[in-house]
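In: would you be able to build a 3D model of this:
(one chain, ligands or ions: 2)
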Amino acid sequence: MNDKKISIKAPAKINLSLDVLGKREDGYHEVKMIMTTVDLADRVELTLLEENKITIESTGGFVPLDQRNLAYQAAMLLKETFGVKKGVGIHISKNIPVAAGLAGGSSDAAATLKGLNELWDLGLTIDEVAVLGAKIGSDVSFCVYGGTAIATGRGEHIQHIKPPPPCWVLLAKPPIGVSTAEVYRKLNVQNIEHPDIDAMVQAIEGYDYEAICRELGNVLETVTLPLYPEVKQIKDQMHRLGADGVLMSGSGPTVFGLFQHESRVNRVYNGLRGFCTEVYAVRLLGEGQEDFKDSIREK
Ligand SMILES: C[C@](O)(CO)[C@H](O)COP(=O)(O)OP(=O)(O)OC[C@H]1O[C@@H](n2ccc(N)nc2=O)[C@H](O)[C@@H]1O
Ligand SMILES: Nc1ncnc2c1ncn2[C@@H]1O[C@H](COP(=O)(O)OP(=O)(O)OP(=O)(O)O)[C@@H](O)[C@H]1O
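Out: Residues are numbered from 1 along each chain as shown. Ligands and ions are numbered 1, 2, ... in the order given. Sure, this is the predicted structure:
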């Protein structure tokens, strides 16, 4: 491998359960959620530049190519924190839909932090990288580790749990982008039915696929579904076509369905394609990144 170039996979996440416990004084919400990675990923390529600058380019998807890009912000954060004088060229092959509830930008930022830790020889541990990630966005810490975890605080406190049993995940995104800030702002925290996060943890740790499908829950649906009726239509359609469990991911609008059988996932995929242009059939990744160094090297 060329030591002046590094290529990292940046997978999307889904929330198997998402609860909001209350509003905090800093304006954020206290959450308790279960996140897991799926095999739909961007690829982030980092090239060492001797000149002190950050360049960014991206293929596919509509993403800002300046300081608004979360990968750019990740590089800038490391530069400012550690006084790095070298530069980096960031190239993102964008496969994860943007503003979809799948943490695409957060995962690009996490991949950039991990890659630059190597490329700029910063010697940070994965936990140190995750703490830095939280400064960029609430989902970035989880994305640094991947795998399956309970996230608390504003999402940055990560407790790893066992991966769920492997299954198929069908992702369907209607052609709208949802603002996470707006969804949290419109949430009525006093008046929501809370999902049972502990029961979901038990279902996952007990490798009980049926119970996982039963315990799926996301309080942000109470905001996004009435705002965007097409999200509810996709949920209903997936149920009707035979998904084992269906839920909106994050603040939406992507809906995911869980399946054990490949034949059924293919049938539902075809059934949804006429109805929704962006549909992806992927595997649950579930496993975390046990060896930090190996996880960021191209194999
Ligand atoms: C919906 C989820 O994706 C579920 O994983 C996350 O909670 C959101 O994570 P994110 O997109 O990384 O969020 P951030 O970029 O940190 O915040 C975007 C906006 O969402 C709101 N926000 C976010 C996280 C949180 N715990 N409480 C909030 O109220 C804040 O208004 C914030 O300005
Ligand atoms: N590298 C990036 N990839 C995608 N979006 C980015 C990126 N950098 C900045 N953004 C901006 O971030 C916003 C949210 O995009 P993103 O795809 O991360 O949303 P999301 O999947 O809803 O995230 P989350 O699930 O963490 O709330 C968009 O407005 C987008 O323009």
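In: all contacts plus neighbour counts: C-alpha atoms, from now on.
Out: Will do.
In: interface residues of the stretch 101-250 of the chain facing ligand 1?
Out: Contact residues (C-alpha under 6 Å from any ligand atom) of the stretch 101-250 of the chain with ligand 1: 101, 137-139, 154-155, 180-181, 184, 250.
In: go with 5 Å
Out: 137-139, 154, 180-181, 250 (C-alpha under 5 Å from any ligand atom).
In: okay, helices next: where are they in the stretch 1-150 of the chain?
Out: Assigned by DSSP state H, counting those that start in this stretch, the helices in the stretch 1-150 of the chain fall at 70-82, 104-119, 126-133, 140-145.
In: between the second one and helix 70-82, how many degrees?
Out: Meaning helix 104-119. Computed by axes from the mean of the first three to the mean of the last three C-alpha atoms, to 10 degrees, the angle separating helix 104-119 from helix 70-82 equals 40 degrees.
In: mind listing what's buried in helix 104-119?
Out: 104-119 (16 or more other C-alpha atoms under 10 Å).
In: domains in the chain, by residue range?
Out: Using automatic domain parsing, the domains assigned to the chain come out as 5-162, 168-283.
In: could you dump these to a markdown table with mean pLDDT?
Out: Shown next, in a markdown table, are those (pLDDT from 0 to 100):
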| stretch | mean pLDDT |
| --- | --- |
| domain 5-162 | 97 |
| domain 168-283 | 96 |
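In: would you mind naming what in the stretch 51-200 of the chain lies close to ligand 2?
Out: So the stretch 51-200 of the chain meets ligand 2 at 63, 69-70, 98-105 (C-alpha under 5 Å from any ligand atom).
In: inside strands: which ones of those?
Out: Nothing among these maps onto strands, per DSSP state E.
In: I'd like to know which elements the top strand by length along the chain is packed against.
Out: Ranked by number of residues, the top strand in the chain under DSSP E is strand 29-49. Judged by 3 or more C-alpha pairs under 8 Å, 6 or more residues apart in numbering; DSSP states H and E, the packing partners of strand 29-49 are strand 5-23, strand 87-93, helix 104-119, strand 148-153, helix 197-205, strand 278-283.
In: now the element after the fourth one, going C-ward?
Out: On the C-terminal side of strand 148-153, the nearest following helix or strand under DSSP states H and E is strand 157-160.
In: the inter-axis angle of whatever helix or strand comes next after that next one versus strand 29-49?
Out: Proceeding N to C from strand 157-160, the next assigned helix or strand is strand 168-173, under DSSP H and E. Strand 168-173 runs at 90 degrees relative to strand 29-49, counting by the same axes, to 10 degrees.
In: closest to Thr55 out of the residues of the stretch 51-200 of the chain next to ligand 2?
Out: Checking these against Thr55 by C-alpha to C-alpha gives Asn69 as the nearest, at 10.8 Å.
In: ok, that closest one touching Ser58?
Out: No - contact criterion C-alpha atoms under 8 Å: Asn69 and Ser58 do not qualify, at 10.2 Å.
In: if I look at the two, which residues touch both of them?
Out: Residues touching both Asn69 and Ser58 (C-alpha atoms under 8 Å, 6 or more residues apart in numbering): there are none.
In: number of residues surrounding Ser58?
Out: 16 (other C-alpha atoms under 10 Å).
In: and Arg264, by the same measure?
Out: Neighbour number of Arg264 under other C-alpha under 10 Å is 16.
In: before we move on, what about the one 10 residues further on?
Out: Other residues within reach of Gly274, judged by other C-alpha under 10 Å, total 8.
In: gap between it and ligand 2?
Out: 23 Å (C-alpha to the nearest ligand atom, to the nearest Å).
In: check Met33 too.
Out: 12 Å.
In: next: His160.
Out: 19 Å.
In: find the nearest non-adjacent residue to that residue, please.
Out: Ala149 (4.2 Å; C-alpha to C-alpha, 6 or more residues apart in numbering).
In: what sits against the one you found?
Out: 34-36, 142, 158-162.
In: same question for Leu225.
Out: Leu225 neighbours (C-alpha under 8 Å, 6+ apart): 231-232.
In: which SSE is it in?
Out: helix 221-227.
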